[in-house]
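> Kindly return the folded structure for what I paste below:
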Amino acid sequence: MVRTKSEQARTKMIEAALEIVHESGIDNVTVAEIVKRSGVAKTTFYRHFTSLSELILIACSESIQPFPIPNTGSLRTDLEALATMMLPVLCQPERQQMAASVLHAGCSDPDIAALHKEISLEQRAPIKAVLDMAQQRGEIGPDVDIDLACEFVEGPFIKRIHFTQTELTEKDVVGFLDLICHGLFKK
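Numbers count the residues shown, from 1 in each chain. Model prediction:
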């Protein structure tokens, strides 16, 4: 299927927006810079998007790829599989820049705040699914709040990646998973 010039222009603008977000954050995305980087006219920008915020929302939303849900039959090995898939992506500097930028911009822009929530839920979905399966298998007690457990699983990784910005070693991942599983397994 051949894409029209209009679709190509839209794609170029979305790619330009993501490039800027990854390089220097949402606050540095401007219509002028989008036009310059994408090679489209300003009028083309406004034919496709009602505002700069709309373009940013679309670009960030489209850049989030869902992770597959492992089902190995064990909470521990499912969490290991998730860590193996997710951490290399989440530790990419451009992903870290986007996450920090979306979080910051969301403090003053309700649309960006909604995007942040959407991204968080999308990234949490495979963790929630793994925990739900573990609960159904009886590895996690029926009284465990799965949403709260998701935060328990995500917490150490998010802190390390976004707040201390310290490299996550394989030993760290194993240690985190040991503590997480110890805290979650049905007693």
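
> got any ranges where the protein has weak pLDDT?
1-5, 186-187 (pLDDT under 70).

> Repeat the analysis, applying 90 as the threshold.
1-7, 21-28, 51-54, 56-58, 60-67, 86-123, 157-173, 179, 181-187 (pLDDT under 90).

> all helices for it, in order.
Taking DSSP state H as the test, the helices found in the chain are 5-24, 31-38, 42-48, 52-63, 75-90, 93-106, 110-137, 146-158, 170-184.

> Rebuild those as TSV, extending it with mean neighbour count and distance to Ile69.
Quick note: C-beta positions are derived from backbone N, CA and C, even for glycine. Supplementary listing: the helices of the chain in TSV, determined by neighbours: other Cβ atoms under 10 Å; distance: least, Cβ to Cβ, whole Å:
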stretch	mean neighbour count	distance to Ile69
helix 5-24	17	26
helix 31-38	16	35
helix 42-48	14	34
helix 52-63	18	20
helix 75-90	17	8
helix 93-106	17	20
helix 110-137	17	5
helix 146-158	16	13
helix 170-184	14	17
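
> what would those look like in TSV with distance to Thr164?
Below are the helices of the chain laid out as TSV (distance: least, Cβ to Cβ, whole Å):
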stretch	distance to Thr164
helix 5-24	21
helix 31-38	31
helix 42-48	39
helix 52-63	24
helix 75-90	14
helix 93-106	12
helix 110-137	19
helix 146-158	10
helix 170-184	11
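
> how close does Ser63 get to Ser108?
For Ser63, the distance to Ser108 (Cβ to Cβ, to the nearest Å) stands at 22 Å.

> And for Asn28?
From Asn28 to Ser108 the distance is 15 Å (Cβ to Cβ).

> Name the residue in those two with the higher neighbour count.
Between Asn28 and Ser108, counting by other Cβ atoms under 10 Å, Asn28 is the more crowded of the two (11 against 8).
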